[in-house]
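Chemist: I need the structure of the sequence given here:
(chains A, B, C and D)
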4 protein chains.
Amino acid sequence: MVKADTMEPSPFDQPYRGGFVGKEHRFALTVFFEDTDTAGIVYHANYLRFFERARSDMLRAAGIDQRAAIDAGIGAYAVSEMDIKWRRPAKLDDDLIVVSRVTDVRNASCSIHQRVMRGNQILAEATVTAALLTPEGRPRRQPAEWIERFRAIEQKGN
Amino acid sequence: MVKADTMEPSPFDQPYRGGFVGKEHRFALTVFFEDTDTAGIVYHANYLRFFERARSDMLRAAGIDQRAAIDAGIGAYAVSEMDIKWRRPAKLDDDLIVVSRVTDVRNASCSIHQRVMRGNQILAEATVTAALLTPEGRPRRQPAEWIERFRAIEQKGN
Amino acid sequence: MVKADTMEPSPFDQPYRGGFVGKEHRFALTVFFEDTDTAGIVYHANYLRFFERARSDMLRAAGIDQRAAIDAGIGAYAVSEMDIKWRRPAKLDDDLIVVSRVTDVRNASCSIHQRVMRGNQILAEATVTAALLTPEGRPRRQPAEWIERFRAIEQKGN
Amino acid sequence: MVKADTMEPSPFDQPYRGGFVGKEHRFALTVFFEDTDTAGIVYHANYLRFFERARSDMLRAAGIDQRAAIDAGIGAYAVSEMDIKWRRPAKLDDDLIVVSRVTDVRNASCSIHQRVMRGNQILAEATVTAALLTPEGRPRRQPAEWIERFRAIEQKGN
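Modeler: As a prediction, this is how the structure comes out:
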């Protein structure tokens, strides 16, 4: 039996959501111990986790439900290519903003430029290509509605 | 040279912060791909990351600056003991709340009860003991001011 | 098209496998940057990854194929309970051995005692309960053959 | 007090070490639950953990002691640039080999080509630049002895 427990609603109960500022999507986060390594900085691979959180939040903001797509057997996006530069290290407790911009939308994949900012400093930036794969791992055409949504983002004004 | 870039402020730029509701601290988060595993659920060890984010946010809310403590050579908290029950799995895109309550404050360590909620369901709960260690790894007395802050939390009304 | 490339076999091509010494299973590993945090030690949650690698290797050594079980719709083990003590920190480049011993086998779950050793020092130890869940997340009886295999391990001589 | 316990030596106590085959370094590993995500494949960012394990093992094989370098205040390598292609997904229990080759050695940084193989299939490949940073995060010249060691690797025959 799963224990239940009724909590009074509070102002802290809504998880963070990012959103669009013109054609750029912003996603803010804080660096925790789990993100750092013994060199005293954020472990380089963890920037890819930050980038992915931002892309997932962007898909959500664009009305694309990744979990429903997996459950319905449509599949999931897989990153097929990434070109990253790390320019300056982030540290424990730093507040960061991941800024993402859709740069190209094709039938089966999208390109996105992403950067991690601390204030006005660029800490890392990446060009990412994500392809939609079937549950069997084969590339597939993105649903027409999703392509439209990406195109709508791409063409937003600043 | 580090590239810079001036961004207009936006409503999305402030990372999430949790806070106290009576003597309980709340910290909300969303499950991302990085948290899940091939069984289709959140990988069990990742609940410990969620618990740690919540404790770090609670320390911050209590006015304790962990990074300054490391930089000043005071040391860092290390988890010395944890008794966890996983009751029900979390999945991709779930919104969760980690609820934390300080249950005991000693000279060199604290005990905290934490639970992960999805709505009114308890998904996991843990009793955690964290001890303050010097940079050399030896247990040390917590600064008197920190002990006072924990005691103040412990004695808050509901 | 996926690129292929023919490599000459070498003595380095076989990944590590642990194995049983009497009724205890041993699994050796080295600490990498990914395992550490800014306090200069292995991040506490990562010991759970080490414990899980050791349990998975023990299942393999016992002839239980977890991936085939997932693919066949049988399900996967989920950790339902864990009581852990961290006694002494591990650091970058440390060579560790995870020692695991099955302590109880029930219809739908097993209990396992695990400890992380560095030489003759116990760095962490845990009592773990793992339950077999269906793909829908419900507890299910373990296949009779698996129960027999666990019982055979439990009853091995030292 | 830290508990101790005397273990008889066994054939399983030595962690895996990779090594050089001509000028290529090989590092074999097995995919565990921690590496996968809810799409049923290895989470893309975790390939960077595999690449890093292989580079660290290569440095060790080349006689460079990263932990001693951190402890002595020399600093640590930080990845400054990475261009990765993911070609085909890895899954739970797959046995993989990371093949690494030093392609350029400069005063303050190295370039390395790395690929993840499953049998003769390339699953992922990357061009990586790693720069040596002081503990304060500034680029610094690599010790002359290290440069020589990298050059010796670069010039090995096949």
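
Chemist: so where's the longest strand in chain A?
Modeler: Determined from DSSP state E, the single longest strand within chain A is strand A:121-133.

Chemist: any idea how many residues pack against the residue in chain A that chain B sits nearest to?
Modeler: As assessed by C-beta to the nearest C-beta, chain B sits closest to residue A:16 within chain A, at 3.7 Å. C-beta coordinates here come from the backbone N, C-alpha and C atoms, glycine included. Using other C-beta atoms under 10 Å in any protein chain shown, the number of residues around residue A:16 comes to 18.

Chemist: swap in the one 5 residues further on?
Modeler: Residue A:21: 18 surrounding residues under other C-beta under 10 Å.

Chemist: any idea which element residue A:150 lies in?
Modeler: helix A:144-154 (DSSP states H and E).

Chemist: just residue A:47 next, same as before
Modeler: helix A:46-61.

Chemist: which element follows that helix toward the C-terminus?
Modeler: helix A:66-71.

Chemist: leaving out chain neighbours, which residue sits closest to residue A:81?
Modeler: Nearest residue to residue A:81, sequence neighbours excluded (C-beta to C-beta, 6 or more residues apart in numbering or on different chains): residue A:129, at 4.1 Å.

Chemist: go on, residue A:77?
Modeler: Residue A:77's closest residue in space is residue A:130 (C-beta to C-beta, 6+ apart), at 4.4 Å.

Chemist: how many neighbours does the one you found have?
Modeler: Per other C-beta under 10 Å, the neighbour tally for residue A:130 reads 21.

Chemist: so who does it touch?
Modeler: A:55, A:77-80, A:109-110, A:112 (C-beta atoms under 8 Å, 6 or more residues apart in numbering or on different chains).

Chemist: one more time with 10 Å
Modeler: For residue A:130, the contacting residues are A:52, A:55, A:59, A:76-82, A:109-112, A:142, D:44, by C-beta atoms under 10 Å, 6 or more residues apart in numbering or on different chains.

Chemist: can you flag the buried ones in these?
Modeler: A:52, A:55, A:59, A:76-82, A:109-110, A:112, A:142, D:44 (16 or more other C-beta atoms under 10 Å in any protein chain shown).

Chemist: now, these that are in strands?
Modeler: A:76-82, A:109-110, A:112.

Chemist: okay if I get those residues as JSON lines plus pLDDT?
Modeler: Below are those laid out as JSON lines (pLDDT from 0 to 100):
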{"residue": "A:76", "pLDDT": "95"}
{"residue": "A:77", "pLDDT": "96"}
{"residue": "A:78", "pLDDT": "96"}
{"residue": "A:79", "pLDDT": "97"}
{"residue": "A:80", "pLDDT": "97"}
{"residue": "A:81", "pLDDT": "98"}
{"residue": "A:82", "pLDDT": "98"}
{"residue": "A:109", "pLDDT": "96"}
{"residue": "A:110", "pLDDT": "95"}
{"residue": "A:112", "pLDDT": "97"}
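
Chemist: between those residues, which is closest to residue C:69?
Modeler: residue A:76 (22.2 Å; C-beta to C-beta).

Chemist: list the contacts of that closest one.
Modeler: A:66-67, A:69-70, A:130, A:132-135, A:137, B:33, B:92, D:37-41.

Chemist: now that we have these, which of them are buried?
Modeler: A:66-67, A:69-70, A:130, A:132-133, B:33, B:92, D:37-41.

Chemist: ok, back up a step: next, the residue of chain A closest to chain B: phi, psi?
Modeler: Main-chain torsions, residue A:16, degrees, to the nearest 10: phi -60, psi 140.

Chemist: now residue A:97
Modeler: Per-residue torsions, residue A:97: phi -130, psi 130 (degrees, to the nearest 10).

Chemist: roughly how far apart are it and residue D:13?
Modeler: In this view, residue A:97 and residue D:13 are 47 Å apart by C-beta to C-beta, to the nearest Å.

Chemist: averaging pLDDT per element, find the lowest-scoring helix or strand in chain A.
Modeler: When each helix and strand of chain A is scored by mean pLDDT, DSSP states H and E, helix A:144-154 comes last, with a mean of 91.

Chemist: returning to that earlier point: got the contact list for the residue of chain A closest to chain B?
Modeler: When contacts are counted by C-beta under 10 Å, 6+ apart, residue A:16 touches A:27-30, A:53, A:57, B:12, B:14-17, B:28-30.

Chemist: and it, how far is that from chain D?
Modeler: Per C-beta to the nearest C-beta, to the nearest Å, residue A:16 is found 20 Å from chain D.

Chemist: so what's residue A:127 bridging to?
Modeler: residue A:83, residue A:113 (DSSP bridges).

Chemist: out of the contacts of residue A:130, the closest to chain C would be?
Modeler: Nearest member of the contacts of residue A:130 to chain C, counting by C-beta to the nearest C-beta, is residue A:80, at 11.9 Å.

Chemist: residue contacts, the closest one?
Modeler: By C-beta under 10 Å, 6+ apart, residue A:80 lies in contact with A:108-109, A:128-131, A:133, A:139, D:44, D:84-87, D:124.
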